[in-house]
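1. please work out how this folds:
(chains A and B)
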Amino acid sequence: MHTVIQALIVGVLTGGVYALMASGQTLIFGIMKVVNLAQGALVIAGAYLSYSLFTSFGLDPFLSILVTTPVLFGAGAGLQLLFLRPLREQDRQELSLLVTFAIALGIEGVLSVTYKTTYRTIRTGYADDSYTVDGYQISAVRLYAFILSIAMLALLYALLERTRFGRAIRATVQNPESAQLLGVNARSVAAVGFGIGAATAAAAGAVYGILYSFNSGSHYDLISRLLSIVILGGLGSIGGSIVGAMVMGVVASLVAALGTPIWSDFSFFAVLLAVLLIRPRGLFGASLRGAL
Amino acid sequence: MLECNRMHKHGRIALRRAAAILAVSALALAGCGNSHGAGAQSPSTLTIGISLSLTGDFADPGKAAERGYQLWQDTVNAKGGVLGRKVALKIVDDASSPDQAVTNYQNLINRDHVDLVFGPFSSLLTIPSSVVVNRYRYAFIEPAGGGPAVFSQHLHNLFFVQPAPTVQGGMVFADYILSLPADQRPKTAAYPSLDDPFASPIADAVRQRFEAAGIRTVYNAIYPAETTDLTPVITKVAAADPDVVVAGTQSEDAYGDVRAMIQLKWAPKWLYLSNGANSPVDFPNAVGLKNTEGIFSSGDWFPGSTASGSDAFAAAYVKKYGGTPDQIDSTSAEAYSCGMLVEEVAAKTGKIDNATIISTLHSGAWPTLEGDLSWDSDGAPQGSYLLEQWIGGTLQAVYPTDRAKHTPVTEPLAWAAE
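-> Below is the predicted model:
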């Protein structure tokens, strides 16, 4: 039983971190109907930025988010303007796969040249700390990362639900044509939305860099997980991506801890396939579609 | 040993590799291929052709090999060359592509008519290259292709310049543990391993030795290469509470194992990580220097090694490239040792043709930075790796005793002692 609960703790905390990464992914899809294959690379770029700020200036990675999120917001908006906006509306969904994959490879190339392929880790002073609660170990870094993820997701929720811009985004998601008729500049919303998605990647990257060793090629594994999470949760649903991330974290952790790790990733995909057979749009894809 | 650290990433980056091949091919067609070193040589020059991964996935170790090769060239030429012939290396980039490596060796032999060839980086590139090199009856002294498939080709012209085939990396740890008095040996063992041809076979070979010696297996599992988080795996290992953990690892999963153990506040009495922990710079950076204390791994060359020419190599390396001996990638030593073998064959026979090299190296033992090497008929070296342990913040060779610089430390691992 001890192993089960310990694995559950790890799974939930890990799921929280993936939820933050996946929220940006699903936001971009919700607004633009673009499957952003560069989201993993943006997370790794965020990790490298935090790594540089930590190693060069001693800036704590959690604080570095104040710097990295605006930087990646600008980069994300710029990428959307440069590479996605020029695509014709009717081709955008299909071509965006290729374009965002090309962006991912470009980011990887820049990171490889800049940082080499050596694995990096952001080692803070509290990297090894963990809290013992009733015999269970709770990694301090994971806990902080989880709290940050919740805070960022709450911020994202507030932005979408409580601001004029959020209403513009939601209107664009629900009906782009009507939103435009009502004065919403859909093009600007798309650029800013892509920027916000990239900004969440910056925050997630700082966390990822603390939790795991990474190099420029780490985004390949990451993007496959992120896509699985948002598909399970329902493309375009932030709430769904949170639930999907939690399911992924818990299932993978439990299977590795109780069964064998060789099936831990597969088991999540088995859950994904089972859900899709019953609900092809994912857990929240039907009821909340268009609502973010 | 470092080849395997980078091998498993390769498959996932096929598209990028293809792009790199195209780029290299385009450059070659344009007549501006990225080669440097020897051009047309006089007969008094000994030209050695090498395909190396100077770009692409293996660029870091490829460049480390390049530094080793070039340092040997400088060193031997400062002594007057080989049998009075100045050495000129012709190094061409293969962009970490097996296909490009094959093309490079064909060009080096057929078009450039190099006198000798040395090997590329990694088994992935060595295997197809060795077929080409064998076709032309060249000796293939290679520093970084130690996977089982290299030797299963049964090529008589191939010589792997490391102490043993890569998958035997853990044997020296088994030797050490089984050399302990029976009452001091571990009673139980766990074997978490990466699904990788250069990781899990190492742990599996140790497991067979341990089980035959009565050490009970309490955990034995393979995790996929995509596994980012090792905490669930270590959670189960910790629940089994083995005396010794023999982990078949590469790099980031080795770091993940240690970090998970620290955060779960659990440690075995002995911890052996087949790879990753043998990186003198990256490992302490990833897990924290104080947490390295007591961890075992395997290696071939290290600063302070008693192997032939080691001190001179380290001094010359630091003089040429800067840094400290601790920062020297062992791949450089492996490449440098290829050149040492050529020198020794020339000194012994007075000849330096390929047939002489092949026949001569197949008899006797040959001193290199990797130790005294000898090979079976397939090119598999017959020695053993060094058992290394982190002691006092540095990697120390602790076994076998005759090559050790320090006795193994048996204190609890750093985080267990806190």
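2. give me the contact status of stretch B:290-300 with chain A.
-> Yes - residues of stretch B:290-300 contacting chain A under C-beta under 8 Å from any C-beta of the partner chain: B:N291. For the C-beta atoms, the positions are set from N, CA and C on the backbone; glycine is no exception.
3. quick check: the gap between A:S188 and A:L79.
-> 15 Å (C-beta to C-beta, to the nearest Å).
4. give me the more crowded residue out of these two.
-> With other C-beta atoms under 10 Å in any protein chain shown as the criterion, A:S188 and A:L79 differ in neighbour count, and A:L79 comes out ahead with 24 against 14.
5. give me every residue that touches that one.
-> With C-beta atoms under 8 Å, 6 or more residues apart in numbering or on different chains as the criterion, the residues that contact A:L79 are A:38, A:103, A:194, A:198.
6. show me where pLDDT drops low in chain A?
-> Scanning chain A for pLDDT under 70 picks out A:285-292.
7. and with 80 instead?
-> Within chain A, the ranges that satisfy pLDDT under 80 run A:30-33, A:88-94, A:117, A:170, A:172-177, A:186-187, A:236, A:284-292.
8. please enumerate the helices of the stretch 301-418 of chain B.
-> In order along the chain, the stretch 301-418 of chain B carries the following helices (DSSP state H, counting those that start in this stretch): B:310-321, B:330-349, B:354-361, B:414-417.
9. return the most buried member of those.
-> Stretch with highest mean neighbour count among those: helix B:330-349 (a mean of 23; mean count of other C-beta atoms under 10 Å in any protein chain shown).
10. could you pull up the mean pLDDT of that helix?
-> The average pLDDT for helix B:330-349 rounds to 96.
11. so which residues of the stretch 51-200 of chain B form helices?
-> Applying DSSP H, counting those that start in this stretch to the stretch 51-200 of chain B gives helices spanning B:59-78, B:98-106, B:123-135, B:148-151, B:171-179, B:200-212.
12. my bad, should have said the stretch 151-292 of chain A
-> With DSSP H, counting those that start in this stretch as the criterion, the stretch 151-292 of chain A has helices at A:164-174, A:176-181, A:186-211, A:219-233, A:238-258, A:264-278.
13. mind giving me the packing neighbours of the third one?
-> Contacting helix A:186-211 under the criterion 3 or more C-beta pairs under 8 Å, 6 or more residues apart in numbering or on different chains; DSSP states H and E are the following elements: helix A:2-32, helix A:39-57, helix A:61-79, helix A:140-162, helix A:164-174, helix A:176-181.
14. and stretch B:367-376, average pLDDT?
-> In this model, stretch B:367-376 carries a mean pLDDT of 95.
15. what residues of that stretch count as buried?
-> Of all the residues in stretch B:367-376, those buried under the rule 16 or more other C-beta atoms under 10 Å in any protein chain shown are B:368-371, B:373, B:375.
16. could you do stretch A:251-269 as well?
-> Buried-residue list, stretch A:251-269, by 16+ other C-beta under 10 Å: A:251-257, A:260-261, A:263-265, A:267-268.
17. now render these as CSV, adding distance to chain B.
-> Formatted as CSV, the entries for the buried residues of stretch A:251-269 read as follows, by distance: C-beta to the nearest C-beta, whole Å:
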residue, distance to chain B
A:V251, 11
A:A252, 7
A:S253, 4
A:L254, 8
A:V255, 8
A:A256, 3
A:A257, 4
A:T260, 5
A:P261, 4
A:W263, 9
A:S264, 7
A:D265, 6
A:S267, 11
A:F268, 11
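18. for the stretch 51-200 of chain B, which residues are neighbours of chain A?
-> For the stretch 51-200 of chain B, the residues in contact with chain A under the definition C-beta under 8 Å from any C-beta are B:57, B:59-60, B:192, B:195.
19. try 10 Å this time
-> Within the stretch 51-200 of chain B, the positions near chain A by C-beta under 10 Å from any C-beta of the partner chain are B:55-61, B:63, B:192-195.
20. which one of these sits closest to chain A?
-> Distance to chain A, by C-beta to the nearest C-beta, is smallest for B:D60 among these, at 5.5 Å.
21. do you know the pLDDT at the closest one?
-> In this model, B:D60 is scored at 78, pLDDT.
22. thinking it is in contact with B:T331, fair?
-> Yes - the criterion here is C-beta atoms under 10 Å, and B:D60 meets it with B:T331 at 8.9 Å.
23. for chain B, what helix or strand is lowest in average pLDDT?
-> Within chain B, no helix or strand scores below helix B:14-29, which has a mean of 40 by mean pLDDT, DSSP states H and E.
24. B:N354 touches B:I48, doesn't it?
-> No - using C-beta under 10 Å, B:N354 is not in contact with B:I48, being 11.3 Å away.
25. what do those two both touch?
-> With contacts taken as C-beta atoms under 10 Å, 6 or more residues apart in numbering or on different chains, the residues that reach both B:N354 and B:I48 are B:115-117.
26. columns neighbour count, distance to B:D204 and pLDDT on top of these, output as a markdown table?
-> Shown next, in a markdown table, are the shared contacts of B:N354 and B:I48 (neighbours: other C-beta atoms under 10 Å in any protein chain shown; distance: C-beta to C-beta, whole Å; pLDDT from 0 to 100):
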| residue | neighbour count | distance to B:D204 | pLDDT |
| --- | --- | --- | --- |
| B:D115 | 21 | 42 | 97 |
| B:L116 | 24 | 37 | 97 |
| B:V117 | 26 | 34 | 98 |
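27. nearest to B:T360 among those?
-> When the shared contacts of B:N354 and B:I48 are compared for distance to B:T360 (C-beta to C-beta), B:L116 comes out closest, at 13.2 Å.
28. quick one: residues contacting residue 194.
-> Went with chain A since none was named. A:F194 neighbours (C-beta under 10 Å, 6+ apart): A:24, A:27-28, A:31-32, A:34, A:36, A:38, A:73, A:75-81, A:83-85, A:100.
29. hmm, I had chain B in mind actually
-> A:261, B:4, B:8, B:200, B:202-203, B:222-225, B:227, B:230, B:247-254, B:257, B:274-276.
30. show me how to select, in ChimeraX, the buried members of those residues.
-> A single ChimeraX command suffices to select whichever of the contacts of B:L194 are buried according to 16+ other C-beta under 10 Å:
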select /A:261 /B:4,8,200,202,203,222,223,225,227,230,247,248,249,250,251,252,253,254,257,274,275,276
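31. take the contacts of B:L194 and keep only those in helices.
-> When those are checked against helices using DSSP state H, the ones located there are B:4, B:200, B:202-203, B:252-254, B:257.
32. relative to chain B, how far out is A:G240?
-> Taking C-beta to the nearest C-beta, to the nearest Å as the measure, A:G240 falls 22 Å from chain B.
33. give me the neighbour count for that residue.
-> Per other C-beta under 10 Å, the neighbour tally for A:G240 reads 28.
34. ok, it touching A:L232?
-> Yes - with the criterion set as C-beta under 10 Å, A:G240 and A:L232 qualify as a contacting pair; they are 7.5 Å apart.
35. identify the contacts common to the two.
-> Shared between the contact lists of A:G240 and A:L232 (criterion: C-beta under 10 Å, 6+ apart) are residues A:22, A:282-285.
36. how about B:E252: what's its closest non-neighbour residue?
-> Nearest in space to B:E252, with sequence neighbours left out and distances taken as C-beta to C-beta, 6 or more residues apart in numbering or on different chains, is A:S213 at 4.0 Å.
37. let me fix that: A:A158
-> The shortest distance from A:A158 to any non-neighbouring residue, by C-beta to C-beta, 6+ apart, is to A:G166 (7.9 Å).
38. and of the ones in helices among the contacts of B:L194, the nearest to B:R185?
-> For these, the closest approach to B:R185 (C-beta to C-beta) belongs to B:A203, at 17.6 Å.
39. who does the closest residue to the closest one other than its chain neighbours form a beta bridge with?
-> In this structure, B:A203 finds its nearest non-sequential neighbour in B:G248, 3.5 Å apart by C-beta to C-beta, 6+ apart. Under the criterion DSSP bridges, B:G248 forms beta bridges with B:S193.
40. fine, thanks again, bye for now.
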